[in-house]
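Student: Got a sequence here, can you build the structure:
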Amino acid sequence: MSGTAEAVRARRRLGVGAAIILVLAAAATTVLIGVVRTTGDAGEVVPLHTTALSPAAVYVHLAGAVARPGLYRLDEGARLVDGVAAAGGFAADADRSAVNLARLLTDGEQVHVPRLGETPAAGSAGAGDGRVNLNTAEVAELDTLPRIGPALAERIIAWREDNGRFTSVEDLLAVPGIGEKMLAGLRDMVTL
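Tutor: So this is what the prediction gives:
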């Protein structure tokens, strides 16, 4: 009897072992089929709508001492260094220290890179009437305004870089150090 009981236990172990092997084989087959199906789908290309992924554009007119002055389309968030590079770099006689290459460019602006010895005229960035353009002026141009020194000019530029273009002259009130009284004195001397 003990031989028969041993034989029954051996068959059970063999059956349990066979069942475990079958379950493992089925699981491995399922995983393998899933991998093959996933790999098979990789050849199928689903088009992406790149218009949603491409950055917005800004149009900037680069003038003065650059190799190829003109109108350039750049990605939103581009800096003046990107604009100068798009224009072929500085001209040999460019006054490189007169421009802030790190500043953000804004759509529709004109940037004039002065030549050595040239002094930038107030409003040279597009005003044309002697007013200083808040959206394009550099420190030297802003410094020509009454009661605006280099420190306040830097704060105006920093506000513009952090918040985008000035949309009205009243936006100057958001710049630390400029109040209603100062704004009243600047209102006719600045443009957008």
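
Student: which residues make contact with stretch 72-83 from outside it?
Tutor: Here stretch 72-83 makes contact (Cβ atoms under 8 Å, 6 or more residues apart in numbering) with 55-62, 86-87, 99-105, 107, 111. Quick note: C-beta positions are derived from backbone N, CA and C, even for glycine.

Student: Among those residues, the buried ones, what's the ChimeraX command?
Tutor: Listed next is the ChimeraX selection for buried residues among those, using 16 or more other Cβ atoms under 10 Å:
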select :58,60,61,62,86,87,99,103,104,105,111
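
Student: domain assignment for the chain?
Tutor: Using automatic domain parsing, the domains assigned to the chain come out as 1-41, 48-119, 122-192.

Student: Do a quick rundown of the helices in this protein.
Tutor: In the chain, the helices defined using DSSP state H lie at 2-41, 50-53, 80-86, 139-142, 150-163, 180-186.

Student: Distance check, the most centrally placed residue in the chain against Thr136.
Tutor: The centroid of the chain falls nearest to Gly77 when counting by Cα atoms, centre = their mean (3.8 Å). Relative to Thr136, Gly77 is positioned 17 Å away (criterion: Cβ to Cβ, to the nearest Å).

Student: try Arg73
Tutor: Using Cβ to Cβ, Arg73 is found at 17 Å from Thr136.

Student: The two: who's more crowded?
Tutor: Thr136 (26 against 11; other Cβ atoms under 10 Å).

Student: thinking that one is in contact with Leu105, fair?
Tutor: No - counting by Cβ atoms under 8 Å, Leu105 is not a contact partner of Thr136; they are 9.1 Å apart.

Student: who touches both of the two?
Tutor: Taking Cβ under 8 Å, 6+ apart as the criterion, Thr136 and Leu105 both touch Val111.

Student: tell me which helix or strand of the protein sits lowest on mean pLDDT?
Tutor: helix 50-53 (a mean of 50; mean pLDDT, DSSP states H and E).

Student: gap between Asp93 and Val66?
Tutor: From Asp93 to Val66 the distance is 11 Å (Cβ to Cβ).

Student: So for these two, which sits in the more crowded spot?
Tutor: More crowded of Asp93 and Val66, by other Cβ under 10 Å: Val66, with 22 against 11.

Student: got the contact list for Leu101?
Tutor: Neighbouring residues of Leu101 by Cβ under 8 Å, 6+ apart: Arg79, Leu80, Val81, Val84.

Student: what are the pairing partners of the longest strand anywhere in the chain, and which direction each?
Tutor: Ranked by residue count and defined by DSSP state E, the top strand of the chain is strand 57-64. Each strand paired with strand 57-64, and its direction, by DSSP bridges: strand 70-75 (antiparallel), strand 110-113 (parallel).
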